[in-house]
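# Take this sequence and fold it.
(chains A and B)
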Amino acid sequence: MANVLVFIDNPGDALKKSTLELLTLGRSLGETAVAVNGDLHQDVSATLAEYGVTAVFRPSAQDLDDYLVSAKAAYLAAAAGAAGAGTVLLDNSPEGKEIAARLGIRLNAGVITDVVAVDADGTAHKSVLAGSYTTSARATTAVSVLTVKANNVTPEPASVASAPETSTVEVPADGTATAARITAREQKAASGRPDLSDARIVVAGGRGVDGDFGPVEQLADALGAAVGASRAATDAGWISHDAQVGQTGKTVSPQLYISAGISGAIQQKAGMQTAKVIVAVNKDAESPIFEIADFGIIGDLFDVLPQATEEIKKRKG
Amino acid sequence: MKIIVLVKHVPDAQFDRHLTGEGYTTDRNESILSELDEYALEAALQLAEARGGAKAGNQVIALSMGASGAVNAVKKSLQMGATEGVHLTDSALAGSDAAATSLALAAAIRHLGTGAPVDLVLTGMASTDGETSLVPAQLAERLGLPQVTFASSLTVDGGRLTARRDADTYSETVEASLPAVVSVTDQINEPRYPNFKGIIAAKRKSITTLSLADIGVDPAHVGHTGSWTTVTAAEERPPRTAGTIITDEGDAGIKLVDFLAAQKLL
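Okay, here's the model as predicted:
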């Protein structure tokens, strides 16, 4: 019987890399079943087989997306029961964490968020207090619920493909009875850039861009990076608040973080100190950002960034 | 309206923060009212003021759970304009994870709802220490209430609320009936500073202290023993040290690309 359940919310035409990571991690912990919400495309089913999934659950109701989180949590709790799951894995998005939160109460299960690795005995590893500590934690309950950060597992198909059976799970009525209803949803214009939270490279601008994010965006595009910003820059209205990195924004842990025109106040540092490599460009040699940068340039970002962008384009030919 | 705002006393992120003791709990010296909770309090004050304020019977109750120092978060809330303060404190609560915290807070909220029922529970989007953002959703699940999280705007009309939520790729409008649990982001408003009048007025406001016995919670269900997760090890990350610093002499952009190439990051 499967003992790991992975939640896949609206997979679309192809599974995201972060989902493949969850499936790979799941397989290292036991037999893996998935609970899917939304349409199940044929290509997605084929990928699930490649990744050795032993069972696929689908909800009896099609309207889970109309409610805020609780309907999905109720469905997932029922699926965890059907799968006999000892571990439930979800992605670490705000919605993933909230589903995990409600699921934990429904299953009397400990919830651990922001997980970067899981040992075979279920011990989860994470980073806390804005990256200043790494901790090991485990659930003391029969079932554990883990939300796993992207980019920490290399996706690998199973050595032997599986032939999972699909079954339907009845969604409990109490998941929708008192739920908040989503009455409108507008898609934002897609930037074509990677998501900030999962990006391998982030280029961030601060007060020093003085209203012009052009050089930051152009360097980001040359590198295939996401664009981030300090709170000073988002509060000034120079860029959307979605781009904010830091204590009250997003915590990112990319391979490379390029900070341009950001002094590096502690809240900003808190948002990015788990980045593997930090590059800083700032006119002010006294900026605290230089205390933690692997490569620091004392200079004007309006000279340095465009020159770097041109050079990258040239080398990539 | 009767609004409960959850406020947390957290270590000030301006200073180094530490995990201490057997359970690796956060050292709460140098603690302040969590910055993100100020937005929840401001949202509550605006809802109350729009309905005639305290004179018209609107209550904004600041509730904090924690050791003796947590009363400071309640005091600051009273200075900002909360009408009442409640401090849930009991030695058995130490080391509670999100599940145990939500259990105790749910019991405290039920207790405060005897007599006049609670219309709304407001919280920040996350605490700035634990950073899990699990508690609002777990509280809603335990109380059987709708949750509306990460609200960047909030209006209440009669028994219904409407909120806006912004995700990376979409924005949503959400509706729920009251009572409900709502967490708000730092985009919802600009929290006020306590003024002199507020600070003086706060001295006359009462702070009720509640223990687990008062709210009918078995101490075995909270704290380290009642938590569903346990921290087994914690290691302080070595501080980052500065690397190479250069001054731009007209070719720093090229040197930057050389560095990226050497690090295999291109």
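
# The nearest residue to residue B:124 once chain neighbours are set aside: how many residues sit nearby?
Spatial nearest neighbour of residue B:124, excluding adjacent residues (Cβ to Cβ, 6 or more residues apart in numbering or on different chains): residue B:36 at 3.4 Å. Quick note: C-beta positions are derived from backbone N, CA and C, even for glycine. Residue B:36 has 24 neighbours, counted by other Cβ atoms under 10 Å in any protein chain shown.

# correct me, but residue B:36 touches residue B:129?
No: at 10.6 Å, residue B:36 does not count as touching residue B:129 under the criterion of Cβ atoms under 8 Å.

# For residue B:238, give me phi and psi.
Per-residue torsions, residue B:238: phi -60, psi 140 (degrees, to the nearest 10).

# Surely residue B:49 is in a strand?
No: Residue B:49 sits outside any strand when classified using DSSP: H, G, I helix; E, B strand; the rest coil, being helix.

# what separates it from chain A, distance-wise?
As for residue B:49, its distance to chain A is 24 Å (criterion: Cβ to the nearest Cβ, to the nearest Å).

# which residues touch that residue?
Contacts for residue B:49 (Cβ atoms under 8 Å, 6 or more residues apart in numbering or on different chains) come out as residue B:58.

# Do stretch B:233-249 and chain A come into contact?
Yes: Stretch B:233-249 comes into contact with chain A (Cβ under 8 Å from any Cβ of the partner chain), by way of B:233-237, B:239-248.

# so how far is the first residue of that stretch from its last?
47 Å (Cα to Cα, to the nearest Å).

# any residues touching that stretch, and which ones?
Under the criterion Cβ under 8 Å, 6+ apart, residues A:127-128, A:131-136, A:273-274, A:278, A:285, A:290-300, A:303-304, B:18-19, B:24, B:252, B:255, B:259 lie in contact with stretch B:233-249.

# Low-confidence bits of chain A, can you list those?
Low-confidence segments of chain A, defined by pLDDT under 70: A:1-2, A:247-248, A:266-270.

# re the thing from before, quick check: what element follows the helix or strand where the residue nearest to residue B:124 lies along the chain?
Using DSSP states H and E, residue B:36 maps to helix B:35-50. Using DSSP H and E, the helix or strand that directly follows helix B:35-50 along the chain is strand B:59-65.

# Please identify the buried residues of stretch B:58-78?
B:58-66, B:70-78 (16 or more other Cβ atoms under 10 Å in any protein chain shown).

# any chance you could map the strands in the stretch 51-200 of chain B?
Applying DSSP state E, counting those that start in this stretch to the stretch 51-200 of chain B gives strands spanning B:59-65, B:84-88, B:120-124, B:147-157, B:160-166, B:170-177, B:180-184.

# tell me the angle the first one makes with helix B:35-50.
The directions of strand B:59-65 and helix B:35-50 differ by 160 degrees, with axes from the mean of the first three to the mean of the last three Cα atoms, to 10 degrees as the criterion.

# And the last one, by the same measure?
For strand B:180-184 and helix B:35-50, the angle between their directions (the same axes, to 10 degrees) works out to 120 degrees.

# Let me see the mean pLDDT of strand B:180-184.
Averaging pLDDT along strand B:180-184 yields 96.

# Residue ranges in chain B under the pLDDT threshold?
B:14.

# now the strands for the stretch 1-150 of chain A?
Using DSSP E, counting those that start in this stretch, strands in the stretch 1-150 of chain A cover A:4-9, A:32-37, A:55-59, A:87-91, A:110-118, A:124-128, A:133-139, A:144-148.

# ok so, going back, so which of the residues of stretch B:233-249 next to chain A is the closest to chain A?
residue B:248 (2.7 Å; Cβ to the nearest Cβ).

# Compute the distance between the closest one and residue A:283, please.
9 Å (Cβ to Cβ, to the nearest Å).

# Which neighbours do those two have in common?
A:298, A:299, A:300.

# Most neighbours out of those residues, which is it?
residue A:299 (22 neighbours).

# List only buried entries from the residues of stretch B:233-249 next to chain A.
Among the residues of stretch B:233-249 next to chain A, the ones that count as buried by 16+ other Cβ under 10 Å are B:234, B:240, B:243, B:248.

# Would you mind putting those into a markdown table with secondary structure alongside?
Formatted as a markdown table, those follow (three-state DSSP):
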| residue | secondary structure |
| --- | --- |
| B:234 | strand |
| B:240 | coil |
| B:243 | coil |
| B:248 | coil |
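
# mind putting those in TSV, distance to residue B:117 included?
As requested, those are exported to TSV (distance: Cβ to Cβ, whole Å):
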residue	distance to residue B:117
B:234	41
B:240	51
B:243	58
B:248	64
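
# which two from those end up farthest apart in space?
Pairwise distances across these (Cβ to Cβ) peak at 40.7 Å, for the pair B:234 and B:248.

# all helices for chain A, in order.
In chain A, the helices defined using DSSP state H lie at A:17-29, A:42-50, A:70-83, A:94-107, A:174-177, A:214-223, A:231-235, A:266-272, A:301-316.

# out of the ones you listed, which comes closest to residue B:99?
Closest approach to residue B:99 among the helices of chain A is made by helix A:94-107 (6.0 Å; Cβ to Cβ).

# Can you list the neighbours in contact with the closest one?
A:7, A:9, A:69-70, A:72-74, A:76-77, A:80, A:88, A:90, A:109-111, A:113, A:141, A:143, A:145-147, B:98-99, B:102, B:132-138, B:140-142, B:147, B:149-150, B:167, B:228.

# for residue 212, what are its contacts?
Just going to use chain A. Listed by Cβ under 8 Å, 6+ apart, the contact partners of residue A:212 are A:238, A:302.

# right idea, wrong chain: chain B
With Cβ under 8 Å, 6+ apart, residue B:212 has these contacts: B:90, B:92, B:93, B:104, B:218, B:219, B:222.

# I'd like the distance between it and residue B:220.
As judged by Cβ to Cβ, residue B:212 and residue B:220 stand 10 Å apart.

# cool, and residue B:50?
According to Cβ to Cβ, residue B:50 stands 43 Å off from residue B:220.

# These two: which is more packed in?
Per other Cβ under 10 Å, whichever of residue B:50 and residue B:220 has more neighbours is residue B:50, with 12 against 9.

# Run through the residues that contact that one.
Neighbour list for residue B:50: empty [criterion: Cβ under 8 Å, 6+ apart].

# Surely residue A:86 and residue A:144 touch.
Yes: assessed by Cβ under 8 Å, residue A:86 is found in contact with residue A:144 at 7.1 Å.

# Tell me which of the two has more neighbours.
For the pair residue A:86 and residue A:144, the greater number of neighbours falls to residue A:144 (26 against 19), based on other Cβ under 10 Å.

# Quick one: residues contacting residue B:173.
Taking Cβ under 8 Å, 6+ apart as the test, what residue B:173 contacts is A:182, A:183, A:184, A:185, B:162, B:163, B:164.

# of these, closest to residue B:202?
Looking across the contacts of residue B:173 and measuring by Cβ to Cβ, the closest to residue B:202 is residue B:163, at 29.2 Å.

# Show me the residues of stretch B:233-249 next to chain A that map onto strands.
In strands, defined here by DSSP state E, the members of the residues of stretch B:233-249 next to chain A are B:233, B:234, B:235, B:236, B:244, B:245, B:246, B:247.

# I'd like to know which of the strands of the stretch 1-150 of chain A lies nearest to chain B.
Nearest to chain B, of all the strands of the stretch 1-150 of chain A, is strand A:110-118, at 3.4 Å by Cβ to the nearest Cβ.

# ok, and what's touching that closest one?
Applying Cβ under 8 Å, 6+ apart, the contact partners of strand A:110-118 are A:25, A:28-29, A:92, A:97, A:100-101, A:103-104, A:124-128, A:137-141, A:144-149, A:152-153, B:97-99, B:131-134, B:227-229.

# can we see that at 7 Å?
Applying Cβ atoms under 7 Å, 6 or more residues apart in numbering or on different chains, the contact partners of strand A:110-118 are A:25, A:29, A:92, A:97, A:100-101, A:104, A:124-127, A:137, A:139-141, A:144-149, A:152, B:98-99, B:132, B:134, B:228-229.
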